[in-house]
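K.L.:
Fold the stuff below for me.
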Amino acid sequence: MNASTLLVGLLLTTSVACLAPKRKADFETNLNRWVGRPAAEFIQANGDPSTTSARPDGGKTYVFAAYRQKEDKIVYQEFRNTTTHERVQQAPGATPPEWANNGTDGILTRKVSVPLNSNLYCRVVLEADARGTILSTKYEGNDCW
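P.N.:
Take a look at the predicted model:
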């Protein structure tokens with residue numbers, strides 16, 4: 001993937017990134033609300049853990065993990081001047097470069113679609129005491145919220 005394709009991808013990602021902080025905060029708030037509640041209720045609401053292990057104090061550690069691959073694509077418009085060999089790549093609908101609008105012959109345009117595959121995962125860890133009460137929650141990943 002060339003640098004301009006990467007730039008277009010980053011611009012598209014940034015445009016939706018404004019939603020992520022609120023969704024992340026909501027996810028963290030909801031996850032933290034489980035502290036003090038029975039782990040059995042969490043399991044009933046969210047499904048069986050991927051792994052469970054015993055803790056030295058008689059409690060348990062529950063790990064819930066999900067992995068998936070997201071297939072997407074980046075679409076951009078390319079303008080190329082066959083005389084000067086200038087080339088500009090930008091998001092569809094953006095204002096074309098001035099040299100592409102001046103009526104000059106030799107201006108080629110095309111839409112380009114580049115595949116973009118992402119590995120997404122979320123791992124939630126619950127620590128519960130011997131009575132099954134959740135003591136703490138934590139998570140990691142790029143697909144939790």
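K.L.:
any idea which helix or strand carries E41?
P.N.:
Using DSSP states H and E, E41 falls within helix 39-46.
K.L.:
Give the buried residues for that helix.
P.N.:
Buried residues in helix 39-46, counted by 16 or more other Cβ atoms under 10 Å: A39, F42, I43. In this view, the C-beta of every residue, glycine as well, is placed from N, C-alpha and C.
K.L.:
Specify which member of the residues you listed is nearest to V75.
P.N.:
Closest approach between the buried residues of helix 39-46 and V75, by Cβ to Cβ: F42, at 40.4 Å.
K.L.:
which residues does that closest one contact?
P.N.:
W34, Y62, L126, I134 (Cβ atoms under 8 Å, 6 or more residues apart in numbering).
K.L.:
and D129, what are its phi and psi?
P.N.:
phi -80, psi -180 (degrees, to the nearest 10).
K.L.:
Sketch out the low-pLDDT regions of this protein for me.
P.N.:
Residues of the chain meeting the criterion pLDDT under 70: 1-19, 102-104.
K.L.:
what about the closest residue to P115 other than its chain neighbours, distance to S118?
P.N.:
Using Cβ to Cβ, 6 or more residues apart in numbering and skipping residues adjacent in sequence, the residue nearest P115 is K73, 5.4 Å away. In this view, K73 and S118 are 11 Å apart by Cβ to Cβ, to the nearest Å.
K.L.:
Please apply the same query to G36.
P.N.:
Separation of G36 from S118 (Cβ to Cβ): 35 Å.
K.L.:
repeat for Q89
P.N.:
The spacing between Q89 and S118, counted by Cβ to Cβ, is 21 Å.
K.L.:
Which one of these two is surrounded by more residues?
P.N.:
When Q89 and S118 are compared for neighbours, Q89 comes out ahead with 17 against 11, by other Cβ atoms under 10 Å.
K.L.:
is it true that that one touches V75?
P.N.:
No - the pair Q89 / V75 is not scored as a contact, 10.8 Å apart, by Cβ atoms under 8 Å.
K.L.:
F27: what secondary structure?
P.N.:
Put simply, F27 is helix when judged by DSSP: H, G, I helix; E, B strand; the rest coil.
K.L.:
what's it in contact with, if anything?
P.N.:
Y139, C144, W145.
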